[in-house]
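**Q** Output the structure for:
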Amino acid sequence: MAKTSLQDVVEAEVQATTKERIKAVAGELYVLRGHDGFSFADIAEATGMTRANIHHHFGSKNRLISELITDFADDAQTRIERLWAQRGLRFSDRMSKQIDEFNLFFQKFNKTSNERNVWSPLSRVRHDLQILGEPAMRALDGVNRTYEVSLRQALAEAIERGELVPHTPVDDLVRVLRVTLLSCPPMTQDTGSFREIQLLLEALSRSILAAWGPTIRPDPDVSLA
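**A** I've put the predicted structure just below:
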């Protein structure tokens, strides 16, 4: 078997770095413009590369977008599991961190006030489902399942820690939280501001804790006089 030379290793690293750079730029263009809103020429202009180089790495736009969808879904699932399934966080802290994470994405794609750009990669994929077809549907289904499992774990831990009472309706709350979190991105296109999402998620967090958080009730056998 032929030995791998240092030059081969360096060239492989350069190729990998170049490919990731192309995907990073293409990912931003895709989120902002959608499937039909950019071309290899746009990527070449943004990266300073040639279209031939981009074709060398991906062959076709369909192949590039297929890889982007996989990356978007994998990244989303990793973030969901880290935020909602990792033990050791209070429920209210998880919601606060979710707000912060959404806001980072919003700011990335809406750099000036009153912009109404799409900022969620998954939201953009949903817009393009008729074009992207079955692979995109499977990717979104995977994210939905990850939310389902991770939210259930977060609520179970909140009950275990005494933040929520044992009779908390976990199934109902998982559904409400999952659908709400997945539905947040379009709100900023209506308002041009992230504020509505922040207020909504803060209100939802308070409502859940007010309804099913532990309360101290007066002992009926103890006189308050």
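**Q** what helix or strand does the spatially most central residue of the chain sit in?
**A** What sits nearest the mean C-alpha location of the chain, by Cα atoms, centre = their mean, is Ala76, with 4.2 Å. Using DSSP states H and E, Ala76 falls within helix 61-80.
**Q** same check, this time on Gly162
**A** Per DSSP H and E, there is no helix or strand for Gly162.
**Q** quick one: it and Ser205, what's the gap?
**A** 17 Å (Cβ to Cβ, to the nearest Å). Quick note: C-beta positions are derived from backbone N, CA and C, even for glycine.
**Q** returning to that earlier point: thought the residue nearest to the centre of the chain was touching Leu140?
**A** No: assessed by Cβ atoms under 8 Å, Ala76 is found out of contact with Leu140, at 9.3 Å.
**Q** what sits in contact with each of the two?
**A** Shared contacts of Ala76 and Leu140 (Cβ atoms under 8 Å, 6 or more residues apart in numbering): Leu122.
**Q** List the contacts of Ala76.
**A** 121-122, 143, 146.
**Q** Correction: the previous question concerned Thr18.
**A** Counting by Cβ under 8 Å, 6+ apart, Thr18 has contacts 49, 53, 57.
**Q** quick check: mean pLDDT across whatever helix or strand it lives in?
**A** Under the criterion of DSSP H and E, Thr18 resides in helix 6-33. Helix 6-33 carries an average pLDDT of 75.
**Q** Mind exporting the C-alpha coordinates of the helix or strand containing Asp172 to CSV?
**A** Element membership for Asp172, per DSSP H and E: helix 170-183. Once non-C-alpha atoms are left out, helix 170-183 reads as follows in CSV (Å, rounded to 0.1, in the frame of the first residue of the first chain):
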residue,chain,number,x,y,z
VAL,A,170,-46.1,16.5,29.7
ASP,A,171,-47.6,15.3,26.4
ASP,A,172,-49.5,18.5,25.9
LEU,A,173,-46.6,20.7,26.9
VAL,A,174,-44.2,18.9,24.5
ARG,A,175,-46.6,19.5,21.7
VAL,A,176,-47.2,23.2,22.6
LEU,A,177,-43.4,23.9,23.0
ARG,A,178,-42.4,22.0,19.9
VAL,A,179,-44.9,23.7,17.6
THR,A,180,-44.3,27.1,19.1
LEU,A,181,-40.5,26.9,18.8
LEU,A,182,-40.7,25.6,15.2
SER,A,183,-43.2,28.4,14.3
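**Q** Could you point out the helix or strand that follows that helix?
**A** helix 185-191.
**Q** any residues touching that following helix, and which ones?
**A** So helix 185-191 is contacted by 102, 106, 110, 116-120, 122-123, 194, 196-197, 200 (Cβ under 8 Å, 6+ apart).
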